[in-house]
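In: Please work out how this folds:
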Amino acid sequence: MGLMGTFEPPPMTLYDLDRRLVEPVVREALRPLGLADAFQVLQGYLGPVAALLEGAAPDTDDRQRVNWRAARWGGVGSLRSYDTLVTVLGRAAPTLGLLLPGVDEATERRFQAVVRARNRYLEGLRLEAEGDVTNARLAWLESATASDDFTLGYAHLLTLAVQLSRDQPEEARRLFDGLIQARPERPVARELRDRLAPWP
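Out: Okay, here's the model as predicted:
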């Protein structure tokens, strides 16, 4: 995970960001990352840093807590690789209007849907890592349902359904059907279900 921040909001609007993203150099640089539009870029926005750092002690040259603690953790103990991310997401309160001026209510609602979808997708990854496959799949389906702009939950379940279609066809069909219900406007799940599944 990499973090980027700024002391002042960037001097651009959502319209400016959209315009930059269609510039050939920018578009080509972001294409391998799957960042094709403004909402895909903004899905990583976590909000004001004060909320993220609540209760944290400062890290200074003479008291380098981060380096000291990292050496002590060393991969030993109860800290899992994703615990910090889970903590950060729990504290994050992103509001698009604080980042980009002139955002209307409809755009803010759309962005909040992206945030909910992102968080459920990441929660699904956490649940899967802990062996709770059933609730992980439910989280990814909820992610797909929450936002049309955040596509990772949909893509993840689609890939999983394809993998399961040979050995666990009923489970694959259940996942395909869930995706069709969540996003009926997307034809991919229906087309794959009809092509891959061994039922009429």
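
In: Just to check, residue 42 is in contact with residue 113?
Out: No: counting by CB atoms under 8 Å, residue 42 stays clear of residue 113, with 11.7 Å between them. Quick note: C-beta positions are derived from backbone N, CA and C, even for glycine.

In: Could you list the low-confidence segments of this protein?
Out: For the chain, the stretches with pLDDT under 70 are 1-4, 50-52, 69-79, 197-200.

In: what do you get if the cut-off is 80, keeping everything else the same?
Out: 1-11, 48-59, 65-81, 84, 197-200 (pLDDT under 80).

In: By residue count, what's the longest helix in it?
Out: Secondary structure of the chain read by DSSP state H shows that its longest helix is helix 105-129.

In: Of residue 42 and residue 113, which one has the most company?
Out: Taking neighbours as other CB atoms under 10 Å, residue 42 and residue 113 compare with residue 42 leading, 21 against 17.

In: Now do the contacts for the more buried one.
Out: Listed by CB atoms under 8 Å, 6 or more residues apart in numbering, the contact partners of residue 42 are 17, 96, 99, 111, 114.

In: before we move on, what about residue 157?
Out: Counting by CB under 8 Å, 6+ apart, the residues that residue 157 touches are 137, 140-141, 144, 175, 178-179.

In: one more time with 6 Å, if that's ok
Out: 140, 175, 179 (CB atoms under 6 Å, 6 or more residues apart in numbering).

In: Ok, residue 126 next?
Out: residue 82.

In: Could you measure from it over to residue 156?
Out: Using CB to CB, to the nearest Å, residue 126 is found at 13 Å from residue 156.
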